[in-house]
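*Asks:* Please find the sequence and the predicted model below.
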Amino acid sequence: MERLILRRLSADGEEMILNFGPQHPSTHGVINFMVETDGEVIRKAIPEVGYLHRSIEKIGEKVGYPGFMPFTDRVDYVAAMFANEGYAIAVERLLKLEIPPRARWLRAISCELCRIASHLIAVGTMTMDIGAFTPMLHGVRERETVNDLIEALCGARLTYNYHRIGGVAFDLPEGWREKTLRFLDHFDRFLTEFDRLISFNEVYVKRLAGVAVIPAPLAIDYGLVGPNLRGSGVDFDLRRDLPYGAYPHFHFEVPVGKGFQGTTGDCFDRYYVRCLEMKESSKIVRQALDTLPEGEFMAKVPRRIKPEPGEALSRVESARGEMAYYVVSDGTENAWRVRARTGSFTAMGIVEAVSPGLMVADLVALIASLDVVAPEIDR
Amino acid sequence: MTEALPLPKTASAARRRARRVLALTLAVGLGLPSALFGAVLVLSPLRHLAPPGLSPGSVFLFRALCLLLLAVVLVTFGAVISGMTVWWEMRVSSRMQSRVGYNRVGAAGFLQWVADAVKLILKEDLVPKDADAVLFRAAPYFVIVGFALTFVALPFGESLIAADLDVGIFYLLSVSALVVVGILVAGWSSNSKWSLFGGMRSAAQVISYEIPAGLAAMVPVLMAGTLSMQGIIRSQGAWPWQWILLTNPFALLAFLVFFVAQLAEGNRTPFDLPEAESELVAGYVSEYSAFRFAIFFLVEYGNLWVMSAVAVTLFLGGWQVPFAGPAAFEAARGVATLPGPLWWALEILSLLVFVAKTVLVMNLIIWVRWTLPRIRVDQMMSLCWKYLVPFAFAAFVGTLLWQILLARVPWVASLTGAVLTLGGAVTAYFFLRLTYRNIAAVGDRVDLSNW
């Protein structure tokens, strides 16, 4: 792999080849970027992925349908809830299983809280990559509260394993609703403070506005999804355009990049779309808590899950964009094939197209603004 | 240190232990600088002394010994200052970031720097195989020499200065430029691309920013009519309206330029490009470990003190104590060989004033560091050449005109001083009000209880 990349780079005296990773503070995990630079200016940057490949899809063929659920947590450990949800929905479609409304609502609540947690990490690490340390810790402080809430819900703070085929594992604990509403009240104010602290900071805007612009056609060509795609001005959100679960019952905006501080599709747009999405997630959680239906939170699921032979696809809007699970059953207790399509992998591809002409510091901003998570790239 | 003590069994034992730790911390925190200051005070006059009954050769030896001791004291002093600066920065930043911060070694973690230094000294001293071993080993010396030499001309109080050189500020700016040589050497000799980037960035940055810094430093020099650090302080008064900063609007401009340029020269955020953690791993220190790394670290934080102290000297009235003019010092000293106790009290007072001002400026730098993100290389260069250098020139020329045309009129300085001080007070009021509102808007309150 490395040799293949080296063949595409030229270092003929003027240029230098720089190994940006795999152990680098701002590659957000084990990724390597092979960068051809002329001084500080990048001629070309080619991502080298695969350092974190753990054969999760293969494991999915070996452990049986319910047994695979904890492994999906490890696909994207920053936003594990979505991987849970995507897999659960795919298998439910395979089983032609209707899940109770309360379970759908609980899934939406847990997922939107998880989106807040994940976006806090995304914008926090982005500010840290730009060089400001304090906003990142403020973000992490809020995320701790979200983690506390999710821990009260399912007992885990990172790899939740909360969703089940046919519903969710636990109902809301006592007093959880009030705690969450109190947090959301605080969180909305926190977002304003965060904007004051960093988002519209002159230095910060100067570093991001107009940097690494991804125009909408390019974003579509490279298969960008989620906030990255919306940052380029493409108004597409699975929760609204291809609704699943409880989402048709909620009202929320889909924030789209429109050149908040510079060009549409620059690093700042991708960053700020995430900030706005956190506000929307907070709105969704409030609505879901207000309209939470009573009843079962788990459908009647047979002890041994053996779907009819067939295939099913689920698409959910993860924090990192569209996450698709494709599950093929051959009628046995194990899936014949499990495939996860993740946003970070395609986001990696665009680095090569956008990087020429950037400076080394801009590459850091680009990677941070794409919000890639290494395990999600490789799975 | 507290870890080494056995765990207390009862509440009263815990209180006793806490008191012991506090006493130890206070003893080290106050005793160490006092001892070093005392040594400076004693050694500085001793090296001019010629004890009677000694041959010329012995007198020379005696003076050389005094000088050597003084040098050792000064280097130690630099290390102690930088250790305490680290503690202060970590405490302030942890409060900004809702964390606890240092709280293990000594009371409020004050002795953490001792523990860190011991740890770093005990670590393996690594020289990469492909590094240029000689230069790699030499680089920290450049850095520490450039740093330690600044303490020769750095004032702390009315008489607390190792040597009040006639070329004080000029000397300070020159020796502190030695640090960049060390950084450049470190970046090159490490034979790592990240180090090289860091070294190159540092060279470009520090050399560029020397120009506005030097020009801005000329403004107080023009107004005081001397290059000597003590001379510049003596030309100012104790009250804000008597400071150079507030007697001349161009000096205000020069202070801003000087402050920004000093941030850049000290590699502080938003100018920490040479060691930009998220871009260059650790920049020029990437390959350093153990004691060599400790030296780079020490110099970085010590420079925080140095640049604050220089800013206080040049613009903020230095150690001037209210209601105690030169005559008061003179009178308190008396005519005896050893000065009277009143003189010592005044010295300590002037030291406290200077330290308080320096800590305030340092706080400002720390706030900036933990608030702002980092600017990009090209932005750093254009900020210097397109904005700071012209502004510095404007301040320089403006001060020249000011001194020639207006400074002769006796009431002008008082008038501008009063107006600018008032303006400063109003700005501070609005700043504090805005801060309070921002805090209140998030539903927080100012809480200083767990400091």
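*Replies:* Okay, I see it.
*Asks:* Just the closest residue of the stretch 151-300 of chain B to chain A, please.
*Replies:* In the stretch 151-300 of chain B, the residue that lies nearest chain A is B:Ser278 (4.2 Å; CB to the nearest CB). (Each C-beta comes from the backbone N, C-alpha and C, glycine too.)
*Asks:* cool, the stretch 301-450 of chain B as well?
*Replies:* B:Arg374 (2.7 Å).
*Asks:* Doesn't that residue lie inside a helix?
*Replies:* No. Assessed with DSSP: H, G, I helix; E, B strand; the rest coil, B:Arg374 is coil; it does not lie in a helix.
*Asks:* what's the residue nearest the centre of chain B in contact with, if anything?
*Replies:* Residue closest to the mean C-alpha point of chain B, counted by CA atoms, centre = their mean, is B:Trp305 at 1.6 Å. Taking CB atoms under 8 Å, 6 or more residues apart in numbering or on different chains, we find B:Trp305 in contact with B:Ile81, B:Ser82, B:Thr85, B:Thr358, B:Met362.
*Asks:* from these, which are also near chain A?
*Replies:* Subset of these in contact with chain A: empty, counting by CB under 8 Å from any CB of the partner chain.
*Asks:* Just the ones of the residues you listed in helices?
*Replies:* B:Ile81, B:Ser82, B:Thr85, B:Thr358, B:Met362 (DSSP state H).
*Asks:* Which helix in chain A has the most residues?
*Replies:* helix A:101-130.
*Asks:* Not counting residues beside it along the chain, what's closest to the residue of chain A found nearest chain B?
*Replies:* Residue of chain A nearest chain B, by CB to the nearest CB: A:Gly131 (2.7 Å). Using CB to CB, 6 or more residues apart in numbering or on different chains and skipping the chain neighbours, the partner closest in space to A:Gly131 is B:Arg374 (2.7 Å).
*Asks:* residues contacting the one you found?
*Replies:* Counted by CB under 8 Å, 6+ apart, B:Arg374 has contacts A:130-132, A:203, A:207, A:361, B:269-273, B:276, B:278.
*Asks:* cutoff 7 Å now
*Replies:* A:Ile130, A:Gly131, B:Thr269, B:Pro270, B:Asp272, B:Leu273, B:Ala276 (CB atoms under 7 Å, 6 or more residues apart in numbering or on different chains).
*Asks:* any idea which of these has the most stuff around it?
*Replies:* In terms of neighbours by other CB atoms under 10 Å in any protein chain shown, the contacts of B:Arg374 top out with A:Ile130 at 32 neighbours.
*Asks:* returning to that earlier point: can you give me phi and psi for the residue of chain A closest to chain B?
*Replies:* Here is the backbone geometry of A:Gly131 (degrees, to the nearest 10): phi 120, psi 0.
*Asks:* So it is in contact with B:Leu273, correct?
*Replies:* No. At 8.8 Å, A:Gly131 does not count as touching B:Leu273 under the criterion of CB atoms under 7 Å.
*Asks:* Tell me the residues of chain B that contact chain A?
*Replies:* B:96-99, B:193, B:269-270, B:272, B:276-279, B:281, B:370-377, B:379, B:438, B:441-443 (CB under 7 Å from any CB of the partner chain).
*Asks:* let's go with 6 Å and repeat that
*Replies:* Proximity of chain B to chain A, by CB under 6 Å from any CB of the partner chain, involves residues B:96-98, B:193, B:270, B:277-279, B:370, B:372-377, B:442-443.
*Asks:* Quick one, which of these are buried?
*Replies:* B:96-97, B:193, B:270, B:277-279, B:370, B:372-377, B:442 (16 or more other CB atoms under 10 Å in any protein chain shown).
*Asks:* what's the closest of the residues you listed to A:Ala288?
*Replies:* B:Val442 (24.8 Å; CB to CB).
*Asks:* Hmm, A:Arg189 and that closest one touching each other?
*Replies:* Yes. Assessed by CB atoms under 6 Å, B:Val442 is found in contact with A:Arg189 at 4.7 Å.
*Asks:* what sits up against stretch B:422-437?
*Replies:* Residues from elsewhere that reach stretch B:422-437 (CB atoms under 6 Å, 6 or more residues apart in numbering or on different chains): none.
*Asks:* returning to what we had before: redo the contacts of B:Arg374 as TSV? Include pLDDT, distance to A:Glu174 and secondary structure.
*Replies:* Formatted as TSV, these follow (pLDDT from 0 to 100; distance: CB to CB, whole Å; DSSP: H, G, I helix; E, B strand; the rest coil):
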residue	pLDDT	distance to A:Glu174	secondary structure
A:Ile130	87	42	helix
A:Gly131	84	44	coil
B:Thr269	77	46	coil
B:Pro270	83	48	coil
B:Asp272	81	48	coil
B:Leu273	78	52	helix
B:Ala276	70	48	coil
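*Asks:* In CSV, list these along with distance to B:Leu388.
*Replies:* Below are those laid out as CSV (distance: CB to CB, whole Å):
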residue, distance to B:Leu388
A:Ile130, 22
A:Gly131, 20
B:Thr269, 17
B:Pro270, 13
B:Asp272, 17
B:Leu273, 16
B:Ala276, 20
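*Asks:* Looking at those, which one is closest to B:Leu252?
*Replies:* Looking across these and measuring by CB to CB, the closest to B:Leu252 is B:Pro270, at 21.2 Å.
*Asks:* The closest one contacts B:Leu372, correct?
*Replies:* Yes. In this structure, B:Pro270 is within contact of B:Leu372 by CB under 6 Å, at 4.4 Å.
*Asks:* got any residues that touch both of those two?
*Replies:* Contacts common to B:Pro270 and B:Leu372, judged by CB under 6 Å, 6+ apart, are A:Val203.
*Asks:* where does the stretch 51-200 of chain B dip in pLDDT?
*Replies:* Scanning the stretch 51-200 of chain B for pLDDT under 70 picks out the ranges B:51-54.
*Asks:* switch to 90 and redo it
*Replies:* B:51-121, B:123-200 (pLDDT under 90).
*Asks:* Quick one: the helices in it, in order.
*Replies:* B:56-96, B:112-122, B:133-150, B:168-176, B:178-189, B:193-224 (DSSP state H, counting those that start in this stretch).
*Asks:* and B:Phe391, that's in a strand?
*Replies:* No. Per three-state DSSP, B:Phe391 lies outside any strand segment and is helix.
*Asks:* got a list of what it touches?
*Replies:* B:Val257.
*Asks:* now do 7 Å
*Replies:* B:Phe391 neighbours (CB under 7 Å, 6+ apart): B:Leu253, B:Val257.
*Asks:* Check the gap between it and B:Cys384 for me.
*Replies:* Shown here: B:Phe391 relative to B:Cys384, a distance of 11 Å by CB to CB, to the nearest Å.
*Asks:* swap in B:Ile183?
*Replies:* Applying CB to CB to B:Ile183 and B:Cys384 gives a distance of 17 Å.
*Asks:* So if I had to pick from those two, which one is more boxed in?
*Replies:* Per other CB under 10 Å, whichever of B:Ile183 and B:Cys384 has more neighbours is B:Ile183, with 31 against 24.
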